[in-house]
Structures are given as structure tokens and as C-alpha cells.
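Asks: one predicted model, sequence on top.
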Amino acid sequence: MSKQDLTNLPSAGDAPPAAWQAYSKGLTEAGPAGSEPARTEPKDVWVFVEQHGGKVANVSWELMGKARELADQLECKIGAIVLGHKVDSVVAMASANGADLVYLIDDPVVAAYRSKPYAHAIVNLANKFKPEVILVGATSLGRDLASIVATELDTGLTADCTGLDIDPETKNLRQTRPAFGGNIMATIVCPNRRPQMSTVRPGVMAKPKKLEAHDTRVIREPLGLTEERVAAKVIELLKEQDESVNLADAEIIVSGGRGTGGADGFKPLYELAEVLGGMVGCSRACVDAGWMPVSRQVGQTGTTVRPKIYFACGISGAIQHLAGMQSSDVIVAINRDPNAPIFKVADYGIVGDLFQVVPALTKIFRERLGRNGAGAGISAAEIKKDFLGEVPPGVPAKSADAKTSGEEARPQ
């Protein structure tokens with residue numbers, strides 16, 4: 001596929017053929033629907049592409065990047081599962097994100113998500129083409145779907161994985177996830193059943209780079225299920241009224257913990273986030289105390305994030321919180337306790353009172369960005385330069401230890 005800017009790609013539901021054909025130069029049809037022969041041995045790494053009205057969940061593309069790593073180790077191909085109605089543009093985007101094969105079921109019955117038809121579709125595809133691995137995003141839809149598919153296929157499912165790789169000797173998928181309340185990291189294998197299935201939370205994996213040219217084979221299969229056989233009916237689709245909090249897509253996050261002391265203690269964090277064009281997050285302790293809504297919680301039981309910059313203000317660094325943010329490009333920790341575990345994963349740290357440090361940083365960035373407006377043109381490199389070079393007198397700066405492996409358990 002030729003390299004294109006896919007951000008303005010029309011939605012699959014209303015895109016005329018000419019609008020998406022320019023994105024589809026590398027696509028080839030396998031033949032008439034249902035004509036592809038069945039496979040006898042497990043092979044290939046599949047990714048379920050979650051889409052709603054042609055808009056694809058970011059976690060699907062994140063999984064495509066990891067699927068490429070796994071497929072290279074297994075010396076096999078990447079297959080993308082696309083279910084929906086009039087979703088040719090989604091097929092094109094799957095190709096641009098690295099899919100070698102696209103298993104497409106285009107049918108009005110799967111136009112909107114319902115557990116039975118979606119599970120029926122994937123189970124039939126898996127039984128016919130026998131993938132080695134199936135990866136699903138750990139969204140509300142993905143969690144529901146993956147558990148049903150795994151049960152129907154009589155195979156194992158590891159949920160909320162933070163790491164995936166291939167054992168070089170056995171070629172089994174090693175699935176790493178927090179266990180025992182997040183106090184240890186467990187590696188799970190499924191040696192006797194296929195496919196091996198995993199769900200991964202949004203923000204854990206990095207997105208792949210768009211491909212300049214990629215040949216993708218499209219395999220169209222029939223659903224084999226009529227609307228009359230589906231008990232659940234979609235009456236109406238309602239969007240959530242408050243969509244303003246989307247931490248998973250934020251590039252800059254300013255988070256607070258117990259050190260804020262209460263809801264009022266988040267005011268300086270909101271001011272810093274506004275100047276940087278970022279969003280405010282929090283630890284679970286703040287949600288449990290009623291200081292912040294659950295939509296702003298970062299961590300194992302909240303949202304997993306991967307921003308360019310993550311400010312941890314008054315956060316000690318419990319393993320449950322680290323599991324949700326330690327893949328951030330740059331972590332800046334601010335804490336009065338020099339021995340706080342958060343410093344072990346921080347790129348930069350300040351030992352000090354957040355109520356002195358955060359306003360000082362806000363002033364620095366407001367002055368620097370004043371000519372461009374809040375958050376305009378700020379980059380990780382600029383923040384690193386300002387943070388290290390312009391910390392005001394009287395605020396002790398500390399360069400923390402390098403970030404440790406995401407698979408190492410740390411004390412709370």
C-alpha cells in the first residue's frame with residue numbers, strides 16, 4: 001500500500017468506493033467468499049480489529065505492532081480480523097498497519113457489536129484457518145468477546161497482559177501480567193491448546209509505523225448466521241455524554257496521589273496541565289477517597305497510559321499504579337520522600353513539596369509557551385531541557401535511577 005495520511009480516511013459506513021480505493025493499492029482478493037481452503041496446522045498471529053462505525057480503537061493498531069514482533073519470531077504472517085458492514089476502509093487501514101492477511105466478514109448482522117454473532121464469526125474463522133495466536137484489546141467489548149471465544153475454542157486466555165514474547169525453545173507465547181494484587185509479575189504459557197489467546201490493555205504496546213508499501217491478501221468469509229438466530233437486538237446506540245476524559249490518548253498527563261491531600265490539592269496540577277495542553281490523572285487512592293472520579297484513575301485497575309510526558313506529583317509508586325504508566329516516554333516524579341518507589345521508574349525527579357514545585361514549573365512553562373499559547377509546540381525534548389535547566393533556586397533536583405524493566409515487581 002502506498003504511504004498515505006490515514007487520519008482523514010472516510011468512515012467505513014459511508015465511504016464511497018472511490019474514497020478508499022486510493023488506500024487499497026496493495027490489497028488482493030483471495031477469491032469468492034468462502035473459497036479459501038481450511039488449514040490443518042496452527043499458524044500465524046491474529047489481531048482482532050475493533051471498530052465502531054468505521055472508527056478503529058487505537059489498541060488494535062498497538063497490537064499490530066506487537067503482532068509483527070511475534071510473527072517475526074515464529075516466522076509466520078499477521079492476520080487481521082475485520083467484522084462489520086461496509087468496512088472496506090478498515091481493511092485498508094489494517095493493511096497500512098502491517099496486516100499480511102485480512103479475514104473479512106462483511107454482513108449487516110455484525111454491523112454493530114453483539115456477543116453471539118461476533119463470537120460465532122471468530123470461532124468459525126479460527127476453526128477453519130487455525131491461528132497460532134489471537135490478540136484482543138482489553139476494552140469492554142474485547143473482554144466480553146475474548147472470554148466467549150476462548151471458551152468456545154476450549155483454549156486458555158490470559159487477560160490484561162503487559163508483556164508478550166515467544167519462548168525461543170518451545171515457541172510458546174509467554175504472556176506476562178500482574179498477579180496477586182499486582183505484587184508480582186507472572187508469566188503464563190498455554191502449551192497444550194491452540195490458539196493461544198491474550199488481551200492487552202490500551203496504551204501498553206507501541207503503535208507500528210505506517211508502511212510505505214505492503215501487499216495484503218483479503219480473505220472474505222461468510223458469517224453463516226442470520227438475524228433471526230440472534231436473540232439480542234440493537235435498538236439504539238447512545239454515545240457517552242462526557243467524553244472529555246480520555247487519558248489513553250493524552251500526550252501529557254499530570255497525575256496526583258495522596259500527597260495532594262484532597263480534591264483542592266489538585267488545583268495546581270490542573271493549572272500545569274492547562275499550560276502544557278495535557279490532562280489530569282490520579283492514583284487509585286484519590287478515587288477511593290472520593291477526591292477524583294474513576295475516569296481519571298491511572299493504574300492496573302484504572303486506565304493504562306503511554307503519554308510522551310507523565311508528571312507524578314505526590315505519588316509514592318505502588319505497583320498497581322506503576323503497571324499503568326511506566327511505559328510513558330518520560331516520567332517526572334515530584335515527591336517529598338527521597339526513597340519513594342516512584343523514583344525507581346522516573347527519568348527525572350524532584351525531591352520537594354509539590355505545592356512549591358508544581359507552581360514553579362507552571363510559571364516556567366507559561367513564560368516559555370506564552371508566545372505560542374498553552375501547549376503549542378511543546379515536546380518531550382523541550383520539557384526535559386526546561387525541567388533540568390530551569391528548576392528555580394531552592395527546589396532541589398534529583399536525577400533518578402534509570403527506569404527498570406517493566407517485568408520487575410516493585411514494593412508498594
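Replies: On my side now, so go ahead. Here the structure is a predicted model, which is why all the values come from computation and not from measurement.
Asks: let me see the domain layout of this protein.
Replies: If you go by automatic domain parsing, the domain ranges for the chain are 6-229, 247-398.
Asks: adding mean neighbour count, distance to L237 and mean pLDDT, write those out as TSV.
Replies: For glycine as for every other residue, the C-beta is placed from the backbone atoms N, C-alpha and C. Below are these laid out as TSV (neighbours: other C-beta atoms under 10 Å; distance: least, C-beta to C-beta, whole Å; pLDDT from 0 to 100):
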stretch	mean neighbour count	distance to L237	mean pLDDT
domain 6-229	19	7	83
domain 247-398	20	20	82
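Asks: output those as a markdown table; include the columns distance to L238.
Replies: Formatted as a markdown table, the domains of the chain follow (distance: least, C-beta to C-beta, whole Å):
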| stretch | distance to L238 |
| --- | --- |
| domain 6-229 | 12 |
| domain 247-398 | 17 |
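Asks: all strands of the stretch 51-200 of the chain, in order?
Replies: With DSSP state E, counting those that start in this stretch as the criterion, the stretch 51-200 of the chain has strands at 51-52, 55-56, 78-84, 101-106, 133-137, 157-161, 163-166, 173-179, 184-188, 196-200.
Asks: figure out which of the ones you listed is closest to S95.
Replies: Of all these, strand 101-106 sits nearest to S95, with 6.9 Å by C-beta to C-beta.
Asks: then stretch 133-150 to CSV, C-alphas only?
Replies: Only the C-alpha atoms of stretch 133-150 are listed here, as CSV (Å, rounded to 0.1, in the frame of the first residue of the first chain):
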residue,chain,number,x,y,z
VAL,A,133,-2.1,-16.7,18.5
ILE,A,134,-5.1,-14.4,18.8
LEU,A,135,-4.6,-10.9,20.4
VAL,A,136,-7.6,-8.8,21.5
GLY,A,137,-7.7,-5.3,23.0
ALA,A,138,-8.8,-5.3,26.7
THR,A,139,-11.6,-2.9,26.1
SER,A,140,-15.1,-3.5,27.5
LEU,A,141,-16.0,-5.1,24.1
GLY,A,142,-12.8,-7.0,23.9
ARG,A,143,-13.0,-8.5,27.3
ASP,A,144,-16.5,-9.8,26.7
LEU,A,145,-15.7,-11.2,23.2
ALA,A,146,-12.3,-12.8,24.1
SER,A,147,-13.7,-14.8,27.0
ILE,A,148,-16.6,-16.2,24.9
VAL,A,149,-14.3,-17.1,22.0
ALA,A,150,-11.7,-18.8,24.3
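Asks: distance from the chain centre to that stretch, please.
Replies: 14 Å (C-alpha atoms, centre = their mean, to the nearest Å).
Asks: please enumerate residues in contact with that stretch?
Replies: Residues from elsewhere that reach stretch 133-150 (C-beta atoms under 8 Å, 6 or more residues apart in numbering): 44-48, 50, 57, 59-60, 62-63, 66-67, 70, 74, 81, 113, 115, 118-119, 122-123, 126, 156-157, 159-160, 164, 173, 195-202.
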